[in-house]
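>>> sharing a model that was predicted from the sequence below.
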Amino acid sequence: MSTLVATLRRTAAGGATLLWTALVVVPLYWVVVTSLRGRADFTTGNPLALPGRPSLDNYRTVLDGEFTTYLLNSVIVTVATVAIVIVVALMAAFSIVRHTNPWSRLTFRLYLLGLAIPLQAVIIPVYLLIIRMRMYDSLLAIVLPSAAFALPVTVMILVSFLRDIPRSLFEAMVVDGAGDWRMLFSLAAPMARPALVTVAVYDGLQVWNGFLFPLILTQSGDKAVLPLALTLYRGEFGINVPATMAAVVLSTLPMLVVFVLARRQLVAGLTAGFSK
């Protein structure tokens, strides 16, 4: 009886895995295949069948437009936001872990409180603040709010990771005369590298796919980032769905490359730092 139950459980788990894989893979397959179709083939052919005459014309159409401008804007916004978040969050997490006083505990609770604030609920105050600071319709108007909303979860992950570093290592550096800054950059930062890579990839993905801040805080076409630009492509190409799918494929490639290059550190960061 127990063998039958175990077999049924394995079968159910295998079926659920296949279903989940299909839900993830089929849309990706459709996007890539559609981007290789012509407009006539898209409207008349089987949407899941391989295109009869694959073509890169849709990619040429996208690249001949303003795609490189949108790509550069996304890269600038993502890199700047992640850099700010990593530097600020690492210093905050180190201070919270090293100084176990009421002020550091209160600071940590305030960061955690930020997790409960939805972005959509404060978009109007953020918009008014950006207007008052005369940063509207600039890339900086996207960077600063994105960094602010990425800080709580980043601090939470780094605090959890830094707490697992043996305190004896910090005490040994104190005996050697090291100050907080030296311990931060010579001990905490190197040992927290997997966690730093993890939060960098996670935050970078969130910012790269961010839509609300670019939509509300910018209006010029030369300040558009890729998620916002995809809506412009829909209007530009009309019903040319294959060209829009080509733009989607091109917009996902940079983050895919980053994920492939950082996969080892990413896995290490996801599996470490949460034992306490």
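Done, it's in.

>>> separation between I86 and L226?
Noted for I86: a distance of 22 Å to L226, by CB to CB, to the nearest Å. Every residue, glycine included, has its C-beta placed from N, CA and C.

>>> what about those two, which has more around it?
Higher neighbour count among I86 and L226: L226, with 27 against 20, using other CB atoms under 10 Å.

>>> S251 is in contact with the more buried one, correct?
Yes - L226 is within contact range of S251, at 4.3 Å (criterion: CB atoms under 8 Å).

>>> identify the contacts common to those two.
71, 74 (CB atoms under 8 Å, 6 or more residues apart in numbering).

>>> quick one, strands of the stretch 51-200 of the chain?
Secondary structure of the stretch 51-200 of the chain (DSSP state E, counting those that start in this stretch): no strands located.

>>> what's the local residue count around P194?
There are 20 residues near P194, going by other CB under 10 Å.

>>> now do the helices in the stretch 151-276 of the chain.
167-175, 180-183, 189-191, 193-208, 212-217, 226-237, 241-261, 263-271 (DSSP state H, counting those that start in this stretch).

>>> redo these as TSV? Include distance to A150 and mean pLDDT.
Listed next are those as TSV, based on distance: least, CB to CB, whole Å; pLDDT from 0 to 100:
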stretch	distance to A150	mean pLDDT
helix 167-175	27	81
helix 180-183	24	83
helix 189-191	18	86
helix 193-208	5	89
helix 212-217	11	92
helix 226-237	16	72
helix 241-261	15	85
helix 263-271	16	63
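
>>> nearest to P145 among the ones you listed would be which one?
helix 212-217 (5.5 Å; CB to CB).

>>> the closest one: which residues count as buried?
By neighbour count with 16 or more other CB atoms under 10 Å, helix 212-217 contains the buried residues 212-214, 216-217.

>>> what is it packed up against?
Judged by 3 or more CB pairs under 8 Å, 6 or more residues apart in numbering; DSSP states H and E, helix 212-217 is in contact with helix 123-132, helix 140-162, helix 226-237.

>>> what residues does it touch?
119-120, 123, 126-127, 130, 136-137, 141-142, 145-146, 223-225, 227-228.

>>> ok, now with 7 Å
Contact partners of helix 212-217, identified using CB atoms under 7 Å, 6 or more residues apart in numbering, comprise 119-120, 123, 127, 130, 136, 141-142, 145-146, 224-225, 227-228.
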